[in-house]
Each structure stands twice: as C-alpha cells, then as structure tokens.
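Trainee: Have a look; sequence and predicted model below, questions after that.
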Amino acid sequence: NKLKYLLINRVGLPKKFKIGHAGTLDPLASGLLLICTGKFTKRITELQGQAKEYTGTFHIGATTPSYDLETEIDQHFPTTHITESLIHETVKQF
C-alpha cells in the first residue's frame, strides 16, 4: 500500500492500477524483491518460477532456539569430525 501510494502521488500513476510482488524476503535476508505493476502483475507466477540462487553463512557446531539467527546462538557442539570433504558431500543434498 505504501508503494502504491507513492506511485500514485509522486510518479502520477492512475489511482486504479494493479500492483504485486514476486515473492517475499525473510526479514534477515537481503536480495531482490520484484514489484510488478499493471499488466505485468500477470507475469508474477512466471517470475517466481525462475531459477534462483541462495547464498548464506553457516555457523557449524552452533544452534539457536529458533534454528536461525533471529535469536542468539545458545549452544556449541564439537566439530572435529567435520571435514571439508564431508561438507562438500553434504551440500550436494540441498
């Protein structure tokens, strides 16, 4: 609604137009959020189906109560058994 308001009042789009987004971002994520207006809102499903690439940082041996970094790391576990080759093999599962 904020974006629609800005587009109407600052850009001069007509008061009645379609607006939508192709996906959502996790609050802690960064990246691109596609906003479609007018006839391009019909292409949102097509845009969401495109190939995506995700990157991130792992804290190996650490956990949080929420299983993400929205809460502080609360436990650490030994990682001596984890090798670089084990990580590369495990990553293939994702």
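Mentor: Perfect, I can see it now.
Trainee: Tell me which residues of stretch 34-49 come out buried.
Mentor: Cys36, Phe40, Thr41, Ile44 (16 or more other Cβ atoms under 10 Å). Quick note: C-beta positions are derived from backbone N, CA and C, even for glycine.
Trainee: try stretch 73-92
Mentor: Across stretch 73-92, burial judged by 16+ other Cβ under 10 Å covers no residue at all.
Trainee: Between the two ends of it, what distance do you get?
Mentor: Start and end residues of stretch 73-92 are separated by 26 Å (Cα to Cα, to the nearest Å).
Trainee: Against Leu32, how distant is Gln50?
Mentor: Remark: distance between Gln50 and Leu32 (Cβ to Cβ, to the nearest Å) = 11 Å.
Trainee: now swap in Lys39 and tell me
Mentor: Counting by Cβ to Cβ, the gap from Lys39 to Leu32 is 21 Å.
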